[in-house]
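A.B. asks: Sequence first, predicted model second:
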Amino acid sequence: MAVLAKRSMALCLLFAIALDLCFFYTSAELERFDHPAKSDGSLSFLVVGDWGRRGAFNQSQVASQMGRIGEKLDIDFVVSTGDNFYDNGLTSEQDTNFEESFTKIYTAKSLQKQWGNAEAQLSPLLRKIDSRWLCLRSFIVNSELVDILFVDTTPFVKAYFTKTEGHTYDWRGIHPRKEYIANLLKDVESSLKESTAKWKIVVGHHAIRSIGHHGNTKELTKQLLPILQANNVNFYMNGHDHCLEHISDADSPIQFLTSGAGSKAWKGDFKDANSEVVKFFYDGQGFMSVQLTKIDAKIAFYDVSGKILHIWRTMKQLHQSV
């Protein structure tokens, strides 16, 4: 039996539309999926990461509040920022962790969207277990309103190829690593340059800017960030650090948004930071919502009880914190 990625940092997308394909992704080329905005021109979604613990560490409670907020906002899909199944991903297509950490946890009506996998757990057999699962490494969801680029950030981190800390990584389709990264960066840059969407969002598992446990990812800061800055990206969203945070970029309008608090959080594990760029940090469980229109974006962070912790609004040419 084929072994799937034992260490999972996958990104996911839940669509409100039915997609009947699950791809084994073996190159850096970006697959595209259209997702139109609502009839009023708006679009909304939730963002959660680092969640798969069979309901433990408040995963079930976070899922319950996601369902409530998802219904209230009439969400179009949900984005997962990775680390879907702890501690070491899925061992096979029959691993019960898939159902115990996903199917049986995110049961609310508003969350019955299609899940897509952007980095690992690539087997199409998983879709037979739960039809929400869409499997890819890097891909784009695009509409006139927003382009969302999901970027496979794990191969950027050099340490994963030298210091695995007891984890086994699935690098099928990645080698040669430098060529894979170069092609991916080229595709990201060209996609952003060609985009005519009102909003541009990039999603990765690893943080570019974070004051959490892992902190900044130096490889992304060096290789990916300049491309985002040069192409008017509005938001970079990630998980990896088990917290919620909002950090502004000192050199561009980019907002760095971490939503990696879907289950186990790391209390008190953070670094000192420049208070001028750190707008919000929370070291407990929770998730994030995003609401977009042609002229306005609203970001909100929620704790495990669904309480709003932080709201940030922006308009084209006008940025305002709340």
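C.D. replies: Done, it's in.
A.B. asks: any idea how far residue 288 is from the residue sitting nearest the centre point of the chain?
C.D. replies: Centroid-nearest residue in the chain, with Cα atoms, centre = their mean: residue 81, separated by 2.4 Å. The spacing between residue 81 and residue 288, counted by Cβ to Cβ, to the nearest Å, is 9 Å. C-beta: built from backbone N, CA, C; applies to glycine.
A.B. asks: what is in contact with the two at once?
C.D. replies: 47, 48, 237, 259 (Cβ atoms under 8 Å, 6 or more residues apart in numbering).
A.B. asks: which of these sit farthest apart?
C.D. replies: Across the shared contacts of residue 81 and residue 288, the longest distance by Cβ to Cβ is 10.6 Å; it joins 48 and 237.
A.B. asks: out of those two, which sits in the more crowded spot?
C.D. replies: Per other Cβ atoms under 10 Å, whichever of residue 48 and residue 237 has more neighbours is residue 48, with 28 against 25.
A.B. asks: That one against residue 257, yeah?
C.D. replies: No - the pair residue 48 / residue 257 is not scored as a contact, 11.9 Å apart, by Cβ atoms under 8 Å.
A.B. asks: which residues are common contacts for the two?
C.D. replies: Residues touching both residue 48 and residue 257 (Cβ under 8 Å, 6+ apart) are residue 288.
A.B. asks: Tell me who's in contact with residue 307.
C.D. replies: By Cβ under 8 Å, 6+ apart, residue 307 has no neighbours at all.
A.B. asks: Can you list the low-confidence ranges for this protein?
C.D. replies: 1-29, 114-127, 131-137, 163-168, 317-322 (pLDDT under 70).
A.B. asks: Looking at it, which helix is longest?
C.D. replies: Assignment by DSSP state H gives helix 177-194 as the longest helix of the chain.
A.B. asks: what comes into contact with that one?
C.D. replies: Outside helix 177-194, the residues that touch it by Cβ under 8 Å, 6+ apart are 27-30, 138, 140, 147, 149, 151-152, 155-156, 161, 171, 173-174, 200, 202, 223-224, 227-228, 231-233.
A.B. asks: And that helix, what's buried?
C.D. replies: Neighbour-count burial for helix 177-194, counted by 16 or more other Cβ atoms under 10 Å, picks out 180, 181, 184, 185, 187, 188, 189, 191, 192.
A.B. asks: what do you get for stretch 209-223?
C.D. replies: For stretch 209-223, by 16+ other Cβ under 10 Å, it's 209, 210, 211, 212, 214, 216, 217, 219, 220.
A.B. asks: if we can go back for a sec, and for residue 48 and residue 237, which residues touch both?
C.D. replies: Common neighbours of residue 48 and residue 237, using Cβ under 8 Å, 6+ apart, are 79, 81, 259, 288.
A.B. asks: Buried among the contacts of helix 177-194? Make that a ChimeraX selection.
C.D. replies: Remark: buried members of the contacts of helix 177-194, expressed as a ChimeraX selection using 16+ other Cβ under 10 Å:
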select :28,30,138,140,147,149,151,152,155,156,174,200,202,224,227,228,231,233
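A.B. asks: just checking, which of the contacts of helix 177-194 belong to helices?
C.D. replies: Of those, the ones assigned to helices by DSSP H are 223, 227, 228.
A.B. asks: In a markdown table: these, plus distance to residue 243.
C.D. replies: Below are the ones in helices among the contacts of helix 177-194 laid out as a markdown table (distance: Cβ to Cβ, whole Å):
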| residue | distance to residue 243 |
| --- | --- |
| 223 | 24 |
| 227 | 26 |
| 228 | 21 |
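A.B. asks: closest to residue 299 among those residues?
C.D. replies: residue 228 (17.0 Å).
A.B. asks: Can you give me every residue that contacts that closest one?
C.D. replies: Per Cβ under 8 Å, 6+ apart, neighbours of residue 228: 192, 202, 208, 236, 252, 254.
A.B. asks: one more time with 6 Å
C.D. replies: 202, 254 (Cβ atoms under 6 Å, 6 or more residues apart in numbering).
A.B. asks: The one 3 residues further on now?
C.D. replies: The contact partners of residue 231, by Cβ under 6 Å, 6+ apart, come to 192, 193.
A.B. asks: go with 8 Å
C.D. replies: By Cβ under 8 Å, 6+ apart, the neighbours of residue 231 are 189, 192, 193, 195, 200.
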